[in-house]
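Student: sharing a sequence plus its predicted fold:
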Amino acid sequence: MIADDLDSPSLYLDLENPQDFQKLQDAQLYLQRYKDHLVILDEAHRKPDLFPLLRSLIDEYRRPGRFMILGSAAPSLKRQASESLAGRIAYHELSPFTLDETIDIQPDYTTLWFRGGYPESFLAASDNVAMTWLGNFIQTHLERDLPALGVRVPATTLLRFWTMAAHCTAQLWNANKLADSLGVDSKTTRRYLDTLEETFMIQILRRHFLLEDILGYLDTLEETFMIRQLQPFFSNTKKRLVKSPKIYIRDTGILHQILKIQCFDDLISHPVLGASWEGFCIEQILAIKPSTYDACFYRTQSAAAAEIDLVLTKGLSIEIAVEIKYSLAPKLTKSSMLAIDAAKPKKTWVVYPGTESYPLRHDIWTLPIHQLGKLFG
């Protein structure tokens, strides 16, 4: 679509296609012929020696938008680009489908929530077809994609860990508890979490673990886009804030498949309902969040813990607080009110599945799921 909208010509090369890969055996000679084109290099990590050459070609003829570098599961892609193309590159992460992208296809948010945002799942002919695709995706990811990226954890072990993490979604991370269940130590469970993290499956608010225990997996999986890490909120406050992360399976379709939830009616009666809704709403918000905001959660360590599901900050200032409720008549708990009073956000919203925005208090408003754009409006 970008290529079609350009006034200049374009060239698309898929480096998983042997014919296109062969064209770049003498890449300098080949690409010099297309200096007036937009050259789109898909799965560019397949040819790491290309990046230093791109730097030379860009410096030789500095025109914005000469190359578009694409990669869906490439831990080395950003590292190679950062090392070779510093100051010459901009990054854009393409999220799964969001509500505003699917509303014309399916106005009801429940399809996107239940099936998740991967195109093959969301656009499937039925929930059964969607769940079958997601099951195959998980198996392929564990058995083929991760080993190809250098991950040496057995697929069966990672699947067990992934399943346990799914049961803990929207809860504080407890490494010791999962370690006991897996029969390993807590450092190993942290390594497993990071293995999944940048492959776009789990979103966590990060705890300060020993860095040397996770560098290997972070180096391998840093830019495979399967997990998102967010920092917890800290400031110079008298309140003690927890440092443990909350974890979320980022794509709710994956979450439901792992937990063997096969239809929306099953989800409505499942104990994970509230946690799934929370993760879905958070992911939708983060997909449209301007880069000027940082995102985290807020929770104190007191006996009566005060918590906010999501806070959006600028520096140490909490600009927006978001509570998430799966109810047509949402109410704030005492814990939430204590947290809001302590955090003092400039605006507080309660995201819910209704259709009307109305005040719960003079500074707290409900926000229908289809109106998330108002958070930043």
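Tutor: Cool, got the structure.
Student: low-scoring stretches of the stretch 51-200 of the chain, by residue?
Tutor: The stretch 51-200 of the chain contains residues with pLDDT under 70 at 72-79, 149-151, 173-200.
Student: walking through it, point out its strands one by one.
Tutor: 67-70, 171-172 (DSSP state E, counting those that start in this stretch).
Student: strands paired with the shortest one, and their directions?
Tutor: Pointing back at strand 171-172 there. strand 246-249 (antiparallel) (DSSP bridges).
Student: quick one: the strand it pairs with to chain centroid distance?
Tutor: Distance, stretch centre to chain centre, for strand 246-249: 10 Å (CA atoms, centre = their mean, to the nearest Å).
Student: just the CA trace of that strand, in CSV.
Tutor: Extracted in CSV, the C-alpha atoms of strand 246-249 (Å, rounded to 0.1, in the frame of the first residue of the first chain):
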residue,chain,number,x,y,z
LYS,A,246,2.1,-8.1,36.2
ILE,A,247,2.0,-10.4,33.3
TYR,A,248,-0.4,-10.6,30.3
ILE,A,249,-0.6,-12.8,27.3
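Student: average pLDDT for it?
Tutor: Strand 246-249 shows a mean pLDDT of 84.
Student: next helix or strand past it?
Tutor: helix 252-258 (DSSP states H and E).
Student: got the buried residues for stretch 339-359?
Tutor: Neighbour counts over stretch 339-359 (16 or more other CB atoms under 10 Å) mark 339-340, 342-343, 345, 348-354 as buried. Where C-beta positions appear, they are placed from N, C-alpha and C, glycine not excepted.
Student: now intersect those with the helices, please.
Tutor: 339-340, 342-343 (DSSP state H).
Student: which of these sits closest to residue 317?
Tutor: residue 343 (10.1 Å; CB to CB).
Student: OK, contacts around that closest one?
Tutor: Shown in contact with residue 343 (CB atoms under 8 Å, 6 or more residues apart in numbering): 233, 298, 308, 311, 318, 321.
Student: before we move on, the earlier item: save the ones in helices among the buried residues of stretch 339-359 as JSON lines, and put in distance to residue 160 too.
Tutor: Below are these laid out as JSON lines (distance: CB to CB, whole Å):
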{"residue": "339", "distance to residue 160": "34"}
{"residue": "340", "distance to residue 160": "38"}
{"residue": "342", "distance to residue 160": "38"}
{"residue": "343", "distance to residue 160": "37"}
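Student: same list, the contacts of residue 343, but as JSON lines with distance to residue 258 please.
Tutor: JSON lines is the format used below for the contacts of residue 343 (distance: CB to CB, whole Å):
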{"residue": "233", "distance to residue 258": "29"}
{"residue": "298", "distance to residue 258": "28"}
{"residue": "308", "distance to residue 258": "27"}
{"residue": "311", "distance to residue 258": "28"}
{"residue": "318", "distance to residue 258": "33"}
{"residue": "321", "distance to residue 258": "30"}
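Student: out of those residues, which comes closest to residue 87?
Tutor: Proximity of the contacts of residue 343 to residue 87 (CB to CB) peaks at residue 233, which lies at 31.8 Å.
Student: top of the contacts of residue 343 by number of neighbours, please.
Tutor: Of all these, residue 298 has the most neighbours under the rule other CB atoms under 10 Å, reaching 27 neighbours.
Student: that one against residue 312, yeah?
Tutor: No. When contacts are counted by CB atoms under 8 Å, residue 298 is not listed as touching residue 312 (10.8 Å).
Student: next, show the common contact partners of the two.
Tutor: Shared contacts of residue 298 and residue 312, defined by CB under 8 Å, 6+ apart, comprise 318, 321.
Student: thinking again about what came up before, redo the buried residues of stretch 339-359 as a markdown table? Include distance to residue 376 and pLDDT.
Tutor: Output for these, formatted as a markdown table (distance: CB to CB, whole Å; pLDDT from 0 to 100):
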| residue | distance to residue 376 | pLDDT |
| --- | --- | --- |
| 339 | 21 | 90 |
| 340 | 19 | 92 |
| 342 | 23 | 87 |
| 343 | 18 | 90 |
| 345 | 14 | 95 |
| 348 | 14 | 97 |
| 349 | 11 | 97 |
| 350 | 16 | 98 |
| 351 | 13 | 98 |
| 352 | 18 | 98 |
| 353 | 20 | 97 |
| 354 | 20 | 96 |
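Student: so residue 47 touches residue 16, yeah?
Tutor: No. Between residue 47 and residue 16 there is no contact under CB under 8 Å: 10.5 Å.
Student: tell me which of these two has more neighbours.
Tutor: Between residue 47 and residue 16, counting by other CB under 10 Å, residue 47 is the more crowded of the two (17 against 9).
Student: now the more buried one, nearest residue through space, not along the chain?
Tutor: Among residues not flanking residue 47 along the chain, residue 15 sits closest, at 5.6 Å (CB to CB, 6 or more residues apart in numbering).
Student: list the contacts of the one you found.
Tutor: Contact analysis of residue 15 by CB under 8 Å, 6+ apart lists 21, 24, 41-44, 46-47.
Student: just the buried residues out of these, in ChimeraX syntax.
Tutor: A single ChimeraX command selects the buried members of the contacts of residue 15 (16+ other CB under 10 Å):
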select :24,41,42,43,44,46,47
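Student: just the contacts of residue 15: which are in strands?
Tutor: Among those, the ones falling in strands (DSSP state E) are 41-42.
Student: of the contacts of residue 15, which one scores lowest on pLDDT?
Tutor: Among the contacts of residue 15, residue 46 has the lowest pLDDT, at 80.
Student: OK, contacts around that one?
Tutor: 15-16, 21.
Student: scan this structure for its longest helix.
Tutor: Max-length helix for the chain by DSSP H is helix 273-288.
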